[in-house]
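Novice: Dropping the sequence and predicted coords here.
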Protein chains: 2
Amino acid sequence: MSKRSGILEFAVLGLLRESPMHGYELRKRLNTSLGVFRAFSYGSLYPCLKTLVTLGWLVEEPAVDLGPSAAPLAGRRAKIVYRLTAAGKEHFEELLAHSGPDAWEDEHFAARFAFFGQTSKDVRMRVLEGRRSRLEERLEKMRASLVRTRERLDDYTLELQRHGMESVEREVRWLNELIETERAGRSERPADERDDNDNTNQENGGRPEARGTA
Amino acid sequence: MSKRSGILEFAVLGLLRESPMHGYELRKRLNTSLGVFRAFSYGSLYPCLKTLVTLGWLVEEPAVDLGPSAAPLAGRRAKIVYRLTAAGKEHFEELLAHSGPDAWEDEHFAARFAFFGQTSKDVRMRVLEGRRSRLEERLEKMRASLVRTRERLDDYTLELQRHGMESVEREVRWLNELIETERAGRSERPADERDDNDNTNQENGGRPEARGTA
DNA sequence: TCGTTCATGTAACGCGTTACATGATTGC
DNA sequence: GCAATCATGTAACGCGTTACATGAACGA
């Protein structure tokens, strides 16, 4: 009786926290914010939205769009704007605080990372370090199984394996840099009481890491 | 009435082409051959196997294991060995020949690549080039959407985006190297009539690419 | 006025996992 | 004898997509 998906729910809540939106726009932001990692369709988004409303995290608003000729009488629906309720905000903050093992997994992690801007520093650290240890664990297994089976595998399979491992190693290095930067660490900037025009940290634009052009 | 999944079916057929196996071992090989990219559970493997038998691509064999005390009377099943039929082999070769757009997609591509050892050179080329153009297309979109939204995104989201793009760019470079190597190209070695102990190309162990230690 | 993009929604299906149930084999 | 791991299977569920249906708003 639900239609609740961890990561979709999380991302919807997170985006709506920044500003109210209708479904259509939400979907686009979803697919750019989470980047390469995830693409959702309306077939999952709209039902999810409905569920979240039922749960009380969201409210629908009639979207007083007022087109050219402001429709005179009732019955003017379509274009529903979704707004996060206080309960919804609270719930999201709660999700944000959890840094358990699920949050180390590929897509979960990407979603978590996308909302690091609203995450407290210590949770960021735990997530980053958790992710790293997860990957290192994975690397161990790959190395082990590679040693065991190296002989029996043909060249292309081997090359695929090698490329896969290199990708993982690369992400570990990325995490290392991020963790180091976090440790050197800028100010905490807790999720509440934040000023959207806050432009402290102008030296590097506040980016988590200063690096050369890729 | 089916339980057929493109990639699982393909991989099962491909592994069984090399040698008959029972489900348990098949699953392990599946998860190492396809590497990081995919992990299947028994819950999908066994039903798939059954379906493939129904279709005639596979046959079950009683696995004359003959444990210490060779069970005297009938009723000794469990440990079923699956063997590829002639029809199954034919079907697999057919799948191998298709290099359409589906084969450029992430997991599909990995599966295709894993069996490049049994794929003809021209198909390999088409798959490699198709994959590359797919990724380049993807990069274009990402760049475009990044230009459009750069301002409104916070630092972490941006960093995620950047890292994602870099990963894709890295795969493109990998593909470039592979394509170049293919072009320089070793012998064709068609899928049939191959000798498993063939050790021509000793200079680099026949690896698709010679490179320094990563 | 006609095509495109915006906008919302649903039903059917695809593909896979989890959790469970069952039992043989091996090693200590 | 007991634990671990090998080995096979199934039913229920999760999570998401495709394809479809519908219609408003906008620009040429």
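Specialist: Nice, thanks for sending it over.
Novice: is it true that A:E169 touches A:E136?
Specialist: No - using CB atoms under 8 Å, A:E169 is not in contact with A:E136, being 9.6 Å away. For glycine as for every other residue, the C-beta is placed from the backbone atoms N, C-alpha and C.
Novice: contact partners of the lowest-mean-pLDDT helix or strand in chain A?
Specialist: When each helix and strand of chain A is scored by mean pLDDT, DSSP states H and E, helix A:23-33 comes last, with a mean of 89. The contact list for helix A:23-33, computed with CB atoms under 8 Å, 6 or more residues apart in numbering or on different chains, reads A:8, A:11-12, A:15-16, A:21, A:38-42, A:45-46, A:49, A:80, A:82, A:114, B:145, B:149, B:153, B:157.
Novice: now swap in stretch A:142-151 and tell me
Specialist: Against stretch A:142-151 from outside (CB under 8 Å, 6+ apart): A:L158, A:Q161, A:G164, A:M165, A:V168, B:T32, B:G35, B:V36.
Novice: From those, list the buried ones, please.
Specialist: By neighbour count, with 16 or more other CB atoms under 10 Å in any protein chain shown, these hold A:L158, A:Q161, A:G164, A:M165, B:T32, B:G35, B:V36 as buried.
Novice: Contact partners for the last one?
Specialist: The contact partners of B:V36, taken as CB under 8 Å, 6+ apart, are A:R138, A:M142, A:G164, A:M165, A:S167, A:V168.
Novice: Any buried residues in the least confident helix or strand of chain A, and which?
Specialist: Using 16+ other CB under 10 Å as the test for burial, helix A:23-33 gives A:G23, A:L26, A:R27, A:R29, A:L30, A:N31, A:T32, A:S33.
Novice: returning to what we had before: out of the buried ones among the contacts of stretch A:142-151, which touch DNA strand C?
Specialist: Taking CB under 7 Å from any atom of the strand as the test, DNA strand C is in contact with none of the buried ones among the contacts of stretch A:142-151.
Novice: closest to B:A184 among the residues you listed?
Specialist: When those are compared for distance to B:A184 (CB to CB), A:L158 wins out at 18.7 Å.
Novice: Give me the distance between that closest one and A:Y82.
Specialist: Computed as CB to CB, to the nearest Å, the A:L158 to A:Y82 distance reads 49 Å.
Novice: Provide the count of other residues in contact range of A:R143.
Specialist: For A:R143, the neighbour count with other CB atoms under 10 Å in any protein chain shown is 11.
Novice: and if you look at A:V172?
Specialist: Applying other CB under 10 Å, we find 18 residues neighbouring A:V172.
Novice: In which helix or strand does it reside?
Specialist: Here A:V172 sits within helix A:155-184, counting by DSSP states H and E.
Novice: so who does the nearest residue to A:E136 once chain neighbours are set aside touch?
Specialist: Spatial nearest neighbour of A:E136, excluding adjacent residues (CB to CB, 6 or more residues apart in numbering or on different chains): A:V172 at 6.5 Å. Neighbouring residues of A:V172 by CB under 8 Å, 6+ apart: A:R132, A:L135, A:E136, A:L139.
Novice: give me phi/psi at the third one?
Specialist: With angles defined as degrees, to the nearest 10, A:E136 sits at phi -70, psi -40.
Novice: if I look at it, how far off is chain B?
Specialist: 14 Å (CB to the nearest CB, to the nearest Å).
Novice: With A:Q118 instead?
Specialist: Distance from A:Q118 to chain B, by CB to the nearest CB: 9 Å.
Novice: Is stretch A:105-114 in proximity to DNA strand C?
Specialist: No - counting by CB under 7 Å from any atom of the strand, DNA strand C has no neighbours in stretch A:105-114; the shortest distance is 10.1 Å.
Novice: Enumerate every residue touching A:E90.
Specialist: So A:E90 contacts nothing (CB under 8 Å, 6+ apart).
Novice: gap between it and B:H108?
Specialist: From A:E90 to B:H108 the distance is 42 Å (CB to CB).
Novice: Then A:L84?
Specialist: Between A:L84 and B:H108 the distance, using CB to CB, works out to 38 Å.
Novice: and what of A:R138?
Specialist: 22 Å.
Novice: now do A:G6
Specialist: In terms of CB to CB, A:G6 sits 26 Å off from B:H108.
Novice: again with A:Y82
Specialist: On the measure of CB to CB, A:Y82 and B:H108 end up 35 Å apart.
Novice: neighbour count winner among the two?
Specialist: Set side by side, A:Y82 and B:H108 show more neighbours around A:Y82, with 23 against 18, by other CB under 10 Å.
Novice: quick one on the thing from earlier: adding distance to B:V123, write the contacts of A:V172 out as JSON lines.
Specialist: Formatted as JSON lines, these follow (distance: CB to CB, whole Å):
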{"residue": "A:R132", "distance to B:V123": "39"}
{"residue": "A:L135", "distance to B:V123": "33"}
{"residue": "A:E136", "distance to B:V123": "37"}
{"residue": "A:L139", "distance to B:V123": "32"}
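Novice: Lovely, talk soon.
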